[in-house]
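Peer 1: My questions concern the predicted model and sequence given below.
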Amino acid sequence: MKKENIYILGIESSCDDTSAAVLCNNTVLSNVVANQDIHSEYGGVVPELASRAHQQNIVPVVDLALKKAGITKGQLHAIAFTRGPGLMGSLLVGTSFAKSLAFGLKIPLIDVNHMQAHILAHFIKDKQQEVPPFPFLALTISGGHTQIVKVSNYFDMEVLGETIDDAVGEAYDKSGKILGLGYPAGPEIDRRAKLGNPKAFKFTKPKVAGLDFSFSGLKTAILYFIQRETKENPDFVKENLNDICASIQYTIIGILMDKLKLAVKQTGIKHIAIGGGVSANSGIREALKTREQKFGWKTYIPKFEFTTDNAAMIGIVGYLKYLEGDFSDFNVIASARLKI
Ligand code: KG4
Ligand code: ZN
């Protein structure tokens, strides 16, 4: 007997991207993301502006996702939305919209944990990508998160370590701000790092117990270093920008790889899946490749459009929960600090 096709609408609005996606089973039919350029003027996400932009974007973005998928809303089986973690004002827009639409269409509502979604994005069907086998370790690195998670099954996850202050993407963006680079600075630091000497300047790595991370000390160390050097030579940053970027990147990669190595040692698991915007980083990808050869790790990186914030990853979780009949009550509320 032919299996029925399940159509899921995914909605993501946890931070500064408004996104809607339509999946047919585990295949993505459309994945529309509206970025909010407004924040670049402020050097970071302004929560109030983010929620206003979500409010403006959500209807056209969902409409376009349905059009691109070539289906009507009447064909949807369920609506999945990001419940948290994220910015409360942003989450409320997606949550309210998803509830109203599901209620109007009389179809199930499915709440999704954004961090689980970053990890389960690896299960979106893609001929070019291998799926990590259970159990695996997931490293989620973005402007909002830095976590190492042991994934024993789709919904059996244990956070082994996470940042106690800034996320790794923030370390990139805040360092970039000190250097006078635009927001977000991660891609620019990455580009310049390839042209510089990673050992030109040394920044000490934070000492944090176990598998937790800390990045705020690095930002302060960079700030003091730049203040000191520019006192001697006002053109220090301009003259050494590529070397500074390479040295910052080298330090950040060192921190991430040290913790991954420890996580592999503690768990004996060598399958490592990464996600989040920072996984686009060329240095991190190279470092993982080296460790595949050196330590026998096997690493998994999904397509770029599924590593940054997107609704396709919300849709795949929606599909997996739909199969289990795991639906939400309409009383469900957004949760800014939702845990895995
Ligand atoms: O996942 P994402 O799009 O949004 C969230 O923060 O959730 O990640 C954005 C972060 C920003 O901090 C940005 O600077 C960083 O990812 N980023 C990078 C690179 N591309 C994006 N960081 C380092 N190297 C990159 N190539
Ligand atoms: Zn995210």
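Peer 2: Now that the structure is in, tell me what you want to look at. Ligands and ions are numbered 1, 2, ... in the order given.
Peer 1: Now do the contacts for the residue in the stretch 101-250 of the chain positioned nearest to ligand 2.
Peer 2: Using C-beta to the ion, the single residue of the stretch 101-250 of the chain nearest to ligand 2 is S142, 4.8 Å away. Every C-beta, even on glycine, is put in place using the N, C-alpha and C of the backbone. S142 is in contact with 118, 167-169, 275-278, 308-309, counting by C-beta atoms under 8 Å, 6 or more residues apart in numbering.
Peer 1: from what I can see K73 touches L105, true?
Peer 2: Yes - using C-beta atoms under 8 Å, K73 makes contact with L105 at a distance of 6.2 Å.
Peer 1: any idea how far D329 is from ligand 2?
Peer 2: Here the criterion is C-beta to the ion, to the nearest Å. By it, D329 lies 25 Å from ligand 2.
Peer 1: Neighbours of that residue, how many?
Peer 2: 7 (other C-beta atoms under 10 Å).
Peer 1: sec struct for it, please.
Peer 2: coil (DSSP: H, G, I helix; E, B strand; the rest coil).
Peer 1: before we move on, what about V32?
Peer 2: V32 ends up strand, using three-state DSSP.
Peer 1: show me the contacts for it.
Peer 2: Here V32 is in contact with 19-21, 61, 64-65, 68, 311 (C-beta under 8 Å, 6+ apart).
Peer 1: ok, it to K321 distance?
Peer 2: Per C-beta to C-beta, to the nearest Å, V32 is found 22 Å from K321.
Peer 1: Ramachandran coordinates for the nearest residue to H77 once chain neighbours are set aside?
Peer 2: The shortest distance from H77 to any residue other than its chain neighbours is 4.9 Å, reached at I6 (C-beta to C-beta, 6 or more residues apart in numbering). Per-residue torsions, I6: phi -100, psi 120 (degrees, to the nearest 10).
Peer 1: unless I'm mixing things up, I6 is touching Y319, no?
Peer 2: Yes - using C-beta under 8 Å, I6 is in contact with Y319, at 6.4 Å.
Peer 1: got the buried residues for the helix or strand hosting E286?
Peer 2: Using DSSP states H and E, E286 falls within helix 282-295. Neighbour counts over helix 282-295 (16 or more other C-beta atoms under 10 Å) mark 283-284, 287-288, 291 as buried.
Peer 1: ditto for stretch 208-219
Peer 2: 208, 211-215, 217-219.
Peer 1: what touches both of I6 and Y319?
Peer 2: N25.
Peer 1: Comparing the two, which residue is more hemmed in?
Peer 2: Y319 (25 against 16).
Peer 1: Tell me the residues of this protein that contact ligand 1?
Peer 2: Proximity of the chain to ligand 1 is confined to 15, 142-144, 169, 172-173, 184-187, 190, 276-278, 280-281, 308-309 under the rule C-beta under 6 Å from any ligand atom.
Peer 1: Next, format the buried residues of helix 282-295 as CSV and append distance to G180 and pLDDT.
Peer 2: Shown next, in CSV, are the buried residues of helix 282-295 (distance: C-beta to C-beta, whole Å; pLDDT from 0 to 100):
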residue, distance to G180, pLDDT
G283, 21, 97
I284, 24, 97
A287, 27, 97
L288, 30, 96
R291, 33, 96
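Peer 1: Tell me the one among these nearest to P132.
Peer 2: L288 (13.1 Å; C-beta to C-beta).
Peer 1: Which secondary structure state does the residue nearest to that closest one when sequence neighbours are not counted sit in?
Peer 2: Spatially, and ignoring its direct neighbours in sequence, L288 is nearest to T299 (4.4 Å; C-beta to C-beta, 6+ apart). Of the three states, T299 takes strand under three-state DSSP.
Peer 1: On the strand side of things, show who T299 bridges to.
Peer 2: I272 (DSSP bridges).
Peer 1: Report pLDDT for M1.
Peer 2: In this prediction, M1 carries a pLDDT score of 57.
Peer 1: And stretch 70-79, end to end?
Peer 2: Separation of the first and last residues of stretch 70-79 by C-alpha to C-alpha, to the nearest Å is 17 Å.
Peer 1: That one: how far from the chain's middle?
Peer 2: When C-alpha coordinates are averaged (C-alpha atoms, centre = their mean, to the nearest Å), stretch 70-79 and its chain have centres 27 Å apart.
Peer 1: List the buried residues in that stretch.
Peer 2: 71, 73, 76-79.
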